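> the sequence and its predicted three-dimensional model are supplied below.
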Amino acid sequence: MRAISPEESCHALDLSGLEQPSVRVWSAWLAGELAGVGALAQLDADNGELKSMRVADAHRGTGVGRAMLEHLIAEARSCGMSALWLETGATAEFLPAQRLYESAGFTQCEPFGSYVFDPYSVFMTTRL
């Protein structure tokens, strides 16, 4: 992501961000190989943000991304969240991610939380 987006437009959490108490992280493994990761941040009692979702290049198109997304949505519901939000890239490299989120009911929206308009970002939300 950092190779295709300006630094100020990269909103993925680093290790210290992933270690915050409001963030939970999951990993997907296939045959002993890391296939994907995803994180869910609790924004408040009712809202969550999908963070740092990534599928390893070797596992793209295998369903790992969809399985991770479904898992994150289920976890958000189990925590009592009623809405999820996300920020993803706006360039062509991020179109598969945007399509995955749309297929799960996410729609584009205005920037949320502390985000501001950025031509390299797409913001999405869904009600649970």
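Perfect, thanks for sending it.

> please make it C-alpha for all contacts and neighbour counts, starting now.
Fine.

> all the helices of the protein, residue numbers only.
15-18, 64-78, 95-103 (DSSP state H).

> closest to D118 out of those helices?
Closest to D118 of those, according to CA to CA: helix 95-103, at 16.0 Å.

> what is the mean pLDDT for that closest one?
For helix 95-103, mean pLDDT is 96.

> so for that helix, what gets flagged as buried?
Applying a neighbour-count criterion of 16 or more other CA atoms under 10 Å, one finds A97, Q98, Y101 buried in helix 95-103.

> got it, and stretch 23-35?
Buried, per 16+ other CA under 10 Å, within stretch 23-35: V23, R24, A28, A35.

> residues in contact with it?
Here stretch 23-35 makes contact (CA atoms under 8 Å, 6 or more residues apart in numbering) with 17-18, 36-42, 55-56, 58-59, 64, 68.

> the nearest residue to L84 once chain neighbours are set aside: how many residues sit nearby?
Distances taken as CA to CA, 6 or more residues apart in numbering place G48 nearest to L84, at 4.8 Å, with adjacent residues excluded. A count of nearby residues for G48, using other CA atoms under 10 Å, gives 26.

> ok, G48 - contacts?
Counting by CA under 8 Å, 6+ apart, G48 touches L40, A41, Q42, A76, M81, A83, L84, W85.
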